[in-house]
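Asker: Just need the structure, nothing else, for what follows:
(one chain, ligands or ions: 1)
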Amino acid sequence: MKIAVLPGDGIGPEIVAQAVKVLEVLRADGAKIEMESAPIGGAGYDAAGDPLPDATLKLARAADAVLLGAVGGPQYDTLDRPLRPERGLLRIRKELNLFANLRPALLYPELAGASSLKPEVVSGLDLMIVRELTGDVYFGQPRGIEVRNGERVGFNTMLYSESEVRRVAHVAFGIAMKRGRKLCSVEKANVLECSELWKEVMIEVAKDYPEVALSHMYVDNAAMQLIRAPKQFDTIVTGNIFGDILSDAASMLSGSIGMLPSASLDEHNKGMYEPIHGSAPDIAGRNLANPLATILSVAMMYRYTFADLATADRIENAVKKVIAQGLRTGDIWTEGTQKVSCSEMGDAVVAAL
Ligand code: NAD
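Answerer: Just a heads-up that it's a prediction; the model follows:
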């Protein structure tokens, strides 16, 4: 299993180093893993004048999975747009055709106090949002701003082809099969033809997965239900723009950005795995960052790309153990728990493994 390791910028190298320690434990235990690092984002620009250097893309293409830290930093904010770190990230997702974005929102019982919702509403929360990542109104043509009838109009096109919906549907049903076998498809079929087609295709694909209970919900109601009673959901599948908004709302149910991993998959379950947070320039280089989202991204890599559920469980259980032991980085620290550094947290997970 070849893993391309792309630490990126800011806290990226610090948190990825902890995830690499975890991979090294697995390798010592017999996992056949090869790891190779390359620069991306600001680090790519510094090394090769490009936020996605050719050599980095080549390495990522040849790998079975990509582990990414984060990109971006204030020193790059004045570069021309195509040279900015975030462009490297968007380009690698597009180049690798990573159309299915998986974002779990999971709350560890010990961290219930960190959520902005009441503990009884979020305690035990474990939901997965599958967001289509390469289509919809973000990519549909025509798009633009032009003058019509003497005034400017802005327009975009919400567009999904059957095949685009079908492939993300298969990913979502497959994930629901590995979880609670409940899939909620979120759209706006009462108003949008694009959503009507989305819903029809979901119903067609559901025939291949008779064990999964498929339900449908309008996006406005879904936004309300996520805040009102988020535990009613197991797996949600939705389009690019609805997923963009709902997955950010859902991530905050668990209260701690430093805890949430993500995966972006292609048709063959090749994936890029990264924490949902950014490069946190405010704490970079000080060994303060929470590495757990990155370590949990490695667990997702084992679950979805390597289909090794036992190892995925092993990593997730190690994280649960260090949380239960009361170890906390600054972002999740509360009175009565033990504050640790980024590398101490990594060491604790390694010991728990
Ligand atoms: P951010 O996620 O980097 O930080 C937001 C806040 O959360 C900060 O206070 C930060 O210290 C804290 N934080 C984030 N991750 C943490 C962790 N692991 N442990 C402890 N605290 C953590 O978002 P931002 O400040 O809006 O953006 C900073 C830079 O990151 C920008 O250049 C932005 O473009 C980039 N960014 C990159 C990605 C990505 O690489 N996927 C995502 C979002 C933002």
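
Asker: per-residue pLDDT, residue 286?
Answerer: As predicted, residue 286 sits at a pLDDT of 98.

Asker: what's the answer for residue 255, then?
Answerer: pLDDT, residue 255: 69.

Asker: can you check residue 139 too?
Answerer: pLDDT at residue 139 comes out at 86.

Asker: Residue 83 reaches residue 48, doesn't it?
Answerer: No. Under the criterion of Cβ atoms under 8 Å, residue 83 makes no contact with residue 48, lying 11.0 Å away. For the C-beta atoms, the positions are set from N, CA and C on the backbone; glycine is no exception.

Asker: Okay, strands next: where are they in the protein?
Answerer: 2-8, 34-37, 65-70, 100-106, 126-132, 144-148, 151-155, 182-187, 213-218, 235-238, 261-265, 271-275, 327-328, 338-339 (DSSP state E).

Asker: Please identify which of those strands is closest to residue 164.
Answerer: Closest to residue 164 of those is strand 126-132 (Cβ to Cβ; 6.9 Å).

Asker: thinking in terms of the whole chain, how far from its middle is that closest one?
Answerer: Put simply, strand 126-132 sits 9 Å off its chain's centre (Cα atoms, centre = their mean, to the nearest Å).

Asker: And it, what's buried?
Answerer: Within strand 126-132, the residues that count as buried by 16 or more other Cβ atoms under 10 Å are 127-132.

Asker: With stretch 276-295 instead?
Answerer: Residues of stretch 276-295 classed as buried: 276-280, 283-284, 288-295 (neighbour count, 16+ other Cβ under 10 Å).

Asker: Then stretch 214-229?
Answerer: For stretch 214-229, using 16+ other Cβ under 10 Å, the buried residues are 214, 216-219, 222-223, 226.

Asker: next one: stretch 239-254
Answerer: For stretch 239-254, the neighbour count (16+ other Cβ under 10 Å) marks 239-243, 246-247, 250-254 as buried.

Asker: so which of these comes closest to residue 70?
Answerer: Nearest member of those to residue 70, counting by Cβ to Cβ, is residue 251, at 14.7 Å.

Asker: Confirm for me that that closest one is in contact with residue 105.
Answerer: Yes. Taking contacts as Cβ under 8 Å, residue 251 lies within contact range of residue 105: 5.7 Å.

Asker: shared neighbours of those two, which are they?
Answerer: Counting by Cβ atoms under 8 Å, 6 or more residues apart in numbering, the common neighbours of residue 251 and residue 105 are residue 260.

Asker: Right, I'll call it a day here.
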